[in-house]
Each structure stands twice: as C-alpha cells, then as structure tokens.
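**Student:** mind folding the following:
(chains A and B)
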Amino acid sequence: EAGVAQSPRYKIIEKRQSVAFWCNPISGHATLYWYQQILGQGPKLLIQFQNNGVVDDSQLPKDRFSAERLKGVDSTLKIQPAKLEDSAVYLCASSLGGRGAGANVLTFGAGSRLTVL
Amino acid sequence: AQSVTQPDIHITVSEGASLELRCNYSYGATPYLFWYVQSPGQGLQLLLKYFSGDTLVQGIKGFEAEFKRSQSSFNLRKPSVHWSDAAEYFCAVGVGNDMRFGAGTRLTVKP
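**Tutor:** Numbers count the residues shown, from 1 in each chain, chains lettered A, B, ... in the order given. Model prediction:
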C-alpha cells in the first residue's frame, strides 16, 4: 500500500512569512495527526483529526497555526506568520482510528522540514 | 501527570554488542506501548508494539521489547547491533486517542 505522502520536503522562509504543508494519509485511515518535531526532541502532537472533525488541538498555537481536513482525506497545515521557533520538522501520520488496539498504530510520512530565518 | 521518559539521550555501542534502550511511562491505566525508529531525514518507522498478552514482544530488524507492569517500563533490546541500527529511537505510549512520545535516544554504533 502507498504510504503517507507529505509535501514539500523542505521549505525555507523568513519570519513573518506564511507556509503551508500538505499531507495525504493512507487510504482508509480515518485518523490523521500533525506532529511538530523540534531538533533533538520527540514529536509533539499539534492536531488530531478523526475523519474531518478535530479530536484534539489543545497544543496547536491557534494564533498562528491552522489545519484543515475538509473531505476527511488529505490535510493542510498552515503557519501564518511564522516565527523563528517554528523551525522544525512537521510530521503527518495516519491510523485506522476507531476502537481497538490496532486503531493506535500510526504510520508516518517522511516529514516537511521548515527553516525560518 | 501523564509522561513518557527515555532516560538516555545518547548511547554508543560497538557493532555486535548487545543493546538496551530504556523507556518508562506514567499513566493511570496500562497503555498501548510502541517503539519507533527514525533514520536521519526520514519519518518514524514502527519497530514493535504491545497491546496485551505476552509481555515480551518481537519486532522487525531483530528487536524485542519487554513490558514490566511493576516497573512501568517497556525497554527495547537487541542481542547484536549492526551498523545500520544507528538512528534515533522513540518510545511512545497511547491511551485512547492520546499518543505521546518520549524525547528519544540517539544510538551511535562504533565499528
């Protein structure tokens, strides 16, 4: 099966500019996650979707970050305006979702590396 | 508070030596437990998972992990490390829809 697709792989912008990342999850996966991974740290959940609804966005800096999953398939994460501390890798992951142990198995994309100058 | 701790930031082992990476968690209930590996410039790849049953689980690439409820630990082991195992390893803990990751352990393999 095809994996989780993310684009772009790399992006360099100046502070106060905007950027958008795109993710296409594995077909049939109801749950989609966006994680932020700062260099030297573990992934931190930004937002979790179940189909096209938000399950958890408690750690999303909503003054500058937004995300949508309009048709319950692919998703876009936007940052506007970007700050220096937003430099990180943005990882998208998907899982089957629902109940049961298998619902929690995440498959990750390769990530989008953002550098803010 | 719920947390996942990987006490070792960086470990260096010689090729062919055994490996153990530590992971401790703090949760109210027994969570689902995972180990992921991340090579430079890549996303995270699932090594193994524990949901229930046998506390010793086998994963890919010759890795195994043991769940010890009394110690709230889920340590990752490999009997003989290969140079290609050099990477970052993340322990993850899931309860319901909540999935949290440790800070990671970077593994360096000496020739």
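**Student:** got the residues of chain B near chain A?
**Tutor:** B:4, B:6, B:32, B:34, B:36, B:41-46, B:49, B:51-52, B:90, B:94, B:97-104 (Cβ under 8 Å from any Cβ of the partner chain). The way it works is simple: take the backbone N, C-alpha and C, and place the C-beta from them, glycine included.
**Student:** select only the buried ones of those residues in PyMOL?
**Tutor:** Buried members of these, defined by 16 or more other Cβ atoms under 10 Å in any protein chain shown, are picked up in PyMOL with:
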select buried, chain B and resi 4+6+32+34+36+43+44+46+49+51+90+94+97+99+100+101+102+103+104
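**Student:** in strands, which of the residues of chain B next to chain A fall?
**Tutor:** If you go by DSSP state E, these have B:4, B:32, B:34, B:36, B:44-46, B:49, B:90, B:94, B:98-101 in strands.
**Student:** which of those lies closest to residue A:81?
**Tutor:** residue B:101 (27.5 Å; Cβ to Cβ).
**Student:** quick check: bridge partners of the closest one?
**Tutor:** residue B:92 (DSSP bridges).
**Student:** now do the contacts for it.
**Tutor:** By Cβ atoms under 8 Å, 6 or more residues apart in numbering or on different chains, residue B:101 lies in contact with A:35, A:42, A:43, A:44, B:4, B:36, B:90, B:91, B:92.
**Student:** excluding its backbone neighbours, what's nearest residue B:17?
**Tutor:** Among residues not flanking residue B:17 along the chain, residue B:81 sits closest, at 5.8 Å (Cβ to Cβ, 6 or more residues apart in numbering or on different chains).
**Student:** just give the number of residues close to the nearest residue to residue B:43 once chain neighbours are set aside.
**Tutor:** Of all residues not flanking residue B:43 in the chain, residue A:108 sits nearest, at 3.7 Å (Cβ to Cβ, 6+ apart). Residue A:108 is flanked by 22 other residues according to other Cβ atoms under 10 Å in any protein chain shown.
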